[in-house]
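**Student:** I'll drop the sequence and a predicted model, then ask my questions.
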Amino acid sequence: MTQAKLRIQEVNSFFKNKDTVLGYRKLMDCAIDTQDLAIYKKVIALTDWKSQHPEQEVAFIEKALSLLNEISKIPITEYQREKPVVVGENLIKSYGINRFELGPISTTIHKGEVYGLVGENGNGKTTLLRILAKEIGYDKGQLHYNFDSIYKSDYELRTNLVYIPQRTQKWYGSLKDNLKFVLSSYGIPPEENETRVLMMIARFGLWPYKHLKWNELSSGYKMRFELARTLLRQPELLLLDEPLANLDVLAQQVILEDLKSMCNSINKPIALILSSQQLYEVEKISDKVIYLRDGKYTDNNAMPSTDHKSQLIIEIDSELERDALTSVFVELQLEKLNYNGGIYVAYFNESTSFPSVLTALGTHKVNATYIRNITKSTRRFFVS
Ligand SMILES: Nc1ncnc2c1ncn2[C@@H]1O[C@H](COP(=O)(O)OP(=O)(O)OP(=O)(O)O)[C@@H](O)[C@H]1O
């Protein structure tokens, strides 16, 4: 089955299970993949209808499924993703003698994939993003880009890659006019401009806010606007520095899911690298997590030699004293129990399973308020 067909099937099942909001977002991704302006106009009309008839869910689902059926008939060309879009080899950047040094970092980045860049403050995340964005130079190593669109200068190269810094700039006028400005600067004719902009507004859940000004939007919607503006430019590489800062947990999840889904487009995929302190949220959607400590790079998928290969590592928040918790795990081959003042980190021998830890906690009626298996999470580097 083709990727396009699989996606249509997925959207159908979301609607069937009454996950209407998610289903409609994914339907819009399928619509964007058609690159067909007539389909965009139908999505825009349906979004408008929905905003005027918020109570009529059954009728909305019916209309959405009929549109999905129409979308499913349009053939989609699949992008061939084998060729990496960026290859960095042994990149090193130093800010002066005895000061911070980043690298050596080698990385290969493909379109359609999400790379999460994590690490504590001051470990080089922004520096790495700015090097990849050609905002700053590097001292040693090599960096190659393989963009599909031809570029003759660094200026042109920057239209293929977009870097959104931590602090974005204020803009003037309405949200919609600002988005239209982007496409008019690319010479897109007015009618097509209006259609593409409204499609992006609909996709990013900005429909009720399209006439608002910068100071009338919350931080979350300002970020949505930035992303809509960026994706209108159809970049091949997108670099986001802390896009989740100032967003509540739910908004973080929605934005990450949206980004992943849009970057994973069938015919116009984008390579996405984002830095964040929101480890678990980023891990959930990333194809690869890059962990930086003191400017050095650790690939989360490759176990460092200090790690016991299959050690089970569990984080637990409980009011129990250390001795009491140790005795709960007495039969479970506990190797180490660390306490950082707020949370315990328990290291078990590889023969211990996560369900057996849960059983021990249940049997001893331990009132744990939080528990997480971090064996495969980058989190284990933060707590070690
Ligand atoms: N222009 C600069 N000149 C000198 N040192 C710098 C410069 N920019 C950053 N640094 C130093 O490089 C180190 C890494 O900074 P960077 O901003 O890349 O880290 P980060 O992981 O993005 O941090 P945060 O999570 O706090 O944003 C820090 O020690 C910082 O002080």
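**Tutor:** Yep, it's here. Numbering: from 1, shown residues only.
**Student:** ok now do residue 99, which residues does it touch?
**Tutor:** Contact partners of residue 99, counting by Cβ atoms under 8 Å, 6 or more residues apart in numbering, are absent. For every residue, glycine as well, the C-beta is placed using N, CA and C.
**Student:** What does the pLDDT read for it?
**Tutor:** Note for residue 99: predicted pLDDT of 81.
**Student:** Check for me that it belongs to a strand.
**Tutor:** No. The assignment for residue 99 (DSSP: H, G, I helix; E, B strand; the rest coil) gives coil, which keeps it out of a strand.
**Student:** Around the ligand, pick out the residues from the protein.
**Tutor:** If contacts are counted using Cβ under 6 Å from any ligand atom, the residues of the chain sitting beside the ligand are 95, 99-100, 119, 121-127.
**Student:** which one of those residues is nearest residue 258?
**Tutor:** Nearest to residue 258 among the residues of the chain next to the ligand, counting by Cβ to Cβ, is residue 125 at 21.8 Å.
**Student:** quick one: contacts for that closest one?
**Tutor:** Remark: with contacts taken as Cβ under 8 Å, 6+ apart, residue 125 is in contact with 117-119, 241, 275, 292.
**Student:** now, which of those residues lie within helices?
**Tutor:** Judged by DSSP state H, the contacts of residue 125 include no members of helices.
**Student:** Tell me which of the residues you listed fall in strands.
**Tutor:** Under the assignment DSSP state E, these contribute 117-118, 241, 275, 292 to strands.
**Student:** between the residues you listed, which is closest to residue 370?
**Tutor:** For those, the closest approach to residue 370 (Cβ to Cβ) belongs to residue 118, at 19.8 Å.
**Student:** how deep is that closest one tucked in, by neighbour count?
**Tutor:** If you count neighbours by other Cβ atoms under 10 Å, residue 118 ends up with 26.
**Student:** same deal with residue 91?
**Tutor:** Neighbours around residue 91, by other Cβ under 10 Å: 21.
**Student:** Make 296 the first number, not 1, from now on.
**Tutor:** Taking 296 as the first residue, the last one we looked at is residue 386.
**Student:** part of a helix, is it?
**Tutor:** No. Counting by three-state DSSP, residue 386 is not part of a helix but strand.
**Student:** for the residue lying closest to it once chain neighbours are set aside, what are its contacts?
**Tutor:** Across the structure, with Cβ to Cβ, 6 or more residues apart in numbering as the measure, the residue nearest residue 386 apart from its sequence neighbours is residue 436 (3.8 Å). When contacts are counted by Cβ under 8 Å, 6+ apart, residue 436 is found next to 383-387, 398-401.
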